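In: sequence first, predicted model second:
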Amino acid sequence: MAKPLADYVKLPELEEYGEWFKDFADLYREDGILQVTWKTNNGPMKHSGMSHRAISQLVRILSMDVKNEIIIFTHIGDTWMIESDPNGWETYSELPTQRFQHQYFDDTNLIKNMVFDLDVPTIGAIPGPGFHWDSAMLCDVTICTEDTKMEVPHAQGGLVPGDGMGLMCQHYMGTKVGNYYMMTSRQFTAQDMLKYGMVSEVVPKGKAVERAWEIARMWKTMPYENRTIMSNLAKRPLKKLLVDDLKLHTVSEQYGSLLRVAAGDLGDENSSQQDEKYISRTSDWRYATRDMEQPMTRELWLGMPARAAEWWKKVESGEIENPYVFEHSNEPEGYGF
């Protein structure tokens, strides 16, 4: 056979991109099944501009590795993302062009890469409560634990909920119910998510990843081609949704943010939106209490920072315990850090 004029371009191997993204994800592959465990350094993933970019870019690279036949997305420990990096948004306070580039492109890619780039079956394994659940809910099948509760936090902080979570609420829950949760920031529980079709199955605490591996190993009994075609059929409803509405949602959030920044610069004390460090001030309190599971009111919205501060005082004094102290518990058997 004659030699071609040029060889195939070398694609990244697991060992290479595992090193590139080591601050944001642990990667473990067995028999073609890849587990992606989101994190920041060696603890829970912190919401930040850097984590936004890492999620979107890692997903794109995963799609280039044909050895990744099935992918499980989960989070380190017994929660999903529950805290923000208080120093992780500095680039968002630069000139509008830089802010747009960081926020719009990273937010958009985070959503669309999960659906358009990954042609293999995907499973979201949610080990507990948290926010920014996009990469789990965009999977073909999503498992969560019985203690999971989540929300779309933007509106309560004065933000336009346009980064994909609001869009998915409308898609999975229906317009009116989805609008309600998107526009009030009320939390929804594991049973709510199962009822409205946001998750496929609810399992006991600590069992989400184990169940995900059971499903992945079941799919491995299918021919590679057929399970890949099956996954593309599973993704089709979301592909149609994102083509129609994703960029409208992400642009709307960025437009609202820039308007808020301009209003604040002009001295408007009621420009409404909290800064991007707001989540850090409420953090674990939102999931350790049931305050956000009840119907939201003006008083509840405005009182959240004070109630969170009071809760942290009790934690620090030893009066109550923070249930979200980090610990490893969601790794499959034989998985090592």
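Out: Sure thing, it's come through.
In: so which residues of the stretch 151-300 of the chain form helices?
Out: Secondary structure of the stretch 151-300 of the chain (DSSP state H, counting those that start in this stretch): helices at 165-173, 175-184, 190-196, 208-219, 224-265, 278-282, 285-288, 298-317.
In: select, out of those helices, the one closest to residue 1.
Out: Residue 1 sits nearest to helix 224-265 of all these, at 25.7 Å, using Cβ to Cβ. Yep, even glycine has a C-beta here, placed from its N, CA and C like the rest.
In: so for that closest one, what's the average pLDDT?
Out: Across helix 224-265, the average pLDDT comes to 88.
In: I'd like the numbering to begin with 29 instead of 1 from here.
Out: I'll keep to 29 as the first residue from here, and by that count the last item is helix 252-293.
In: ok, residue 173 touching residue 218?
Out: Yes: Residue 173 is within contact range of residue 218, at 6.8 Å (criterion: Cβ atoms under 8 Å).
In: tell me which of the two has more neighbours.
Out: residue 173 (25 against 22; other Cβ atoms under 10 Å).
In: what's the more buried one in contact with, if anything?
Out: Applying Cβ atoms under 8 Å, 6 or more residues apart in numbering to residue 173 gives the contacts 106, 154-156, 218, 230-236.
In: surely residue 151 forms part of a strand?
Out: Yes: under DSSP: H, G, I helix; E, B strand; the rest coil, residue 151 sits within a strand.
In: ok, it touching residue 167?
Out: Yes: Residue 151 is in contact with residue 167 according to Cβ under 8 Å; the separation is 5.5 Å.
In: joint contacts of those two?
Out: residue 101.
In: now residue 75, what are its backbone angles?
Out: phi -60, psi 120 (degrees, to the nearest 10).
In: surely residue 57 meets residue 95?
Out: Yes: using Cβ under 8 Å, residue 57 is in contact with residue 95, at 7.0 Å.
In: need the residues touching each of those two.
Out: With Cβ under 8 Å, 6+ apart, residue 57 and residue 95 have common neighbours residue 42.
In: who has more neighbours out of the two?
Out: residue 57 (17 against 10).
In: what about the more buried one, which SS state?
Out: strand.
In: still on that earlier bit, identify, from the contacts of residue 173, the entry nearest to residue 333.
Out: Distances from residue 333 to the contacts of residue 173, taken by Cβ to Cβ, are shortest for residue 156, at 23.4 Å.
In: that closest one: neighbour count?
Out: Here the number of neighbours of residue 156 (other Cβ under 10 Å) works out to 26.
In: distance of it relative to residue 138?
Out: The gap separating residue 156 from residue 138 is 21 Å, by Cβ to Cβ, to the nearest Å.
In: residue 107 now?
Out: In terms of Cβ to Cβ, residue 107 sits 19 Å off from residue 138.
In: equivalent analysis for residue 316, please.
Out: 27 Å.
In: and residue 87, by the same measure?
Out: From residue 87 to residue 138 the distance is 8 Å (Cβ to Cβ).
In: show me whatever sits in contact with both of these two.
Out: residue 163.
In: show me what contacts the closest residue to residue 162 other than its chain neighbours?
Out: Once flanking residues are discounted, residue 162 sits nearest to residue 192: 5.1 Å by Cβ to Cβ, 6 or more residues apart in numbering. Taking Cβ under 8 Å, 6+ apart as the contact definition, residue 192 lies against 135, 138-139, 162, 274, 277-278.
In: what do you get if the cut-off is 10 Å, keeping everything else the same?
Out: 135-136, 138-140, 142, 160-163, 165-166, 180, 199, 270, 273-274, 277-278, 281 (Cβ atoms under 10 Å, 6 or more residues apart in numbering).
In: now do residue 134
Out: 77-85, 191, 278.
In: which pLDDT value goes with it?
Out: Residue 134 is given a pLDDT of 85.
In: try residue 160
Out: pLDDT at residue 160 comes out at 88.
In: beta-bridge partners for the residue nearest to it when sequence neighbours are not counted, please?
Out: Spatial nearest neighbour of residue 160, excluding adjacent residues (Cβ to Cβ, 6+ apart): residue 109 at 4.9 Å. Judged by DSSP bridges, the bridge partners of residue 109 are residue 159.
In: what's the burial count for residue 109?
Out: Residue 109: 24 neighbours (other Cβ under 10 Å).
In: relative to residue 89, how far out is it?
Out: Residue 109 is 21 Å from residue 89, by Cβ to Cβ.
In: can you check residue 224 too?
Out: In terms of Cβ to Cβ, residue 224 sits 32 Å off from residue 89.
In: next one: residue 231
Out: Residue 231 is 29 Å from residue 89, by Cβ to Cβ.
In: so for the two, which residue has more residues nearby?
Out: Using other Cβ under 10 Å as the criterion, residue 231 and residue 89 rank with residue 231 on top: 21 against 18.
In: and the more buried one, what's its pLDDT?
Out: 98.
In: grab the nearest non-local neighbour of it.
Out: residue 239 is the one closest to residue 231 (Cβ to Cβ, 6+ apart), at 5.0 Å.
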